[in-house]
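# Quick one, what's the 3D model for this:
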Amino acid sequence: MTKVSTRVPLSARGKDMTMFIYFISHIPATMLMDIVPLYPSFLAPLIQPLLEFQDYYVETFRDPFMGDRSLIWFNTFLHMEALIQLPFFFFAAWALYHNKRSIALWICVYSAHVITTVFPILTTLNLSKDSAFPFAVSEGHKLFLTCLYTPWILFPLWMLVECFQRVRSYEAEGVTKKKAH
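Predicted structure coming up:
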């Protein structure tokens, strides 16, 4: 007898689809923008357009973090994005696509990690004196950058709450099953 799949398609799971799109969209964003400064120098001729785009971004939007390679704490965040987050994007997208319940706990961990990396960026941007930055950042640019970075704290916060609730419900489900036996 053929086993009939009871897997609910991703398209029928709105919240999972939203998270799936989030993780899939972060793969090119991370590889083509965020971690470009980490690529080895011998790749410079190949990634020249990416380097030029980063220069344009920094010049246009006055992002002091992407524009200052001397910020060790920020560069540490970029390394974590390359070594932890980028592989996780693939894993999370795969697990969400296949409706793996265990991904909820991993998304909680990821979300807490992202919140704790974006929060210092927003705090530094809005509470530091102008002299802390390598170049002048106007109040207008600070507002724009705050608006640019804020979704990267709010969306992970939503995922943290959503997935924490899932973990709790799976836990309660397991306790109920144990009591029934």
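
# Can you tell me which helices and strands the longest helix seen in the chain packs against?
Longest among the helix segments of the chain by residue count, using DSSP state H, is helix 151-180. Using 3 or more Cβ pairs under 8 Å, 6 or more residues apart in numbering; DSSP states H and E as the contact criterion, the secondary-structure elements in contact with helix 151-180 are helix 14-29, helix 103-127. Using the backbone N, CA and C atoms, a C-beta is placed for each residue, glycine as well.

# which one of these lies closest to Asp63?
Between Asp63 and the helices and strands packed on helix 151-180, the shortest gap by Cβ to Cβ is with helix 103-127, which sits at 9.0 Å.

# List the buried residues of the closest one.
103-104, 107-108, 110-111, 113-115, 117-118, 121, 124-125 (16 or more other Cβ atoms under 10 Å).

# just checking, what packs against that helix?
With contacts defined as 3+ Cβ pairs under 8 Å, 6+ apart, the secondary structure elements packing on helix 103-127 are helix 72-80, helix 86-97, helix 139-149, helix 151-180.

# if you set the cut-off to 10 Å instead, what comes out?
On a contact count with 3 or more Cβ pairs under 10 Å, 6 or more residues apart in numbering; DSSP states H and E, helix 103-127 meets helix 14-29, helix 72-80, helix 86-97, helix 139-149, helix 151-180.
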